[in-house]
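Asker: Here is a sequence together with a model predicted from it:
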Amino acid sequence: MRNTFIKHLTKSAKDNEKIVLIVGDLGYSVVEEFQLKFPNRFFNAGISEQNMASMAAGLASEGFHVFIYSIA
């Protein structure tokens, strides 16, 4: 499922420069394609999920379409 998510997000990001991805220091071997193609729209917030949500809110308030990738 996570591979399908990144595949579709990467495809969508080609057409929409407002798409941003924030990860919580995980997802490696999955998120690299997005990171390599869109380095200015990829952020690693580290192990600080509460800050990821705040970053996403701030970016969204500026018109970006933000996706947070983490695990539960």
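Answerer: Looks like it came in fine.
Asker: Just the element for the residue nearest in space to the middle of the chain, please.
Answerer: Centre of the chain computed as the mean C-alpha position; nearest residue by CA atoms, centre = their mean is residue 21, 1.3 Å away. Secondary structure from DSSP states H and E places residue 21 in strand 19-23.
Asker: before we move on, what about residue 52?
Answerer: Assigned by DSSP H and E, residue 52 falls in helix 49-61.
Asker: ditto for residue 46
Answerer: Using DSSP H and E, no helix or strand contains residue 46.
Asker: so what pLDDT did residue 31 get?
Answerer: At residue 31, the model reports a pLDDT of 91.
Asker: surely it meets residue 23?
Answerer: Yes. With contact defined as CB atoms under 8 Å, residue 31 counts as touching residue 23 (5.7 Å). All C-beta atoms are positioned from the backbone trio N, CA, C, and that covers glycine.
Asker: Low-confidence regions, this structure specifically.
Answerer: 27 (pLDDT under 70).
Asker: hmm, back to that, who does the residue nearest to the centre of the chain bridge with?
Answerer: Residues in a beta bridge with residue 21, per DSSP bridges, are residue 42, residue 67.
Asker: Please name the residues that touch it.
Answerer: Each residue near residue 21 by CB atoms under 8 Å, 6 or more residues apart in numbering is listed here: 9, 13, 31, 34-35, 38, 41-43, 66-67, 69.
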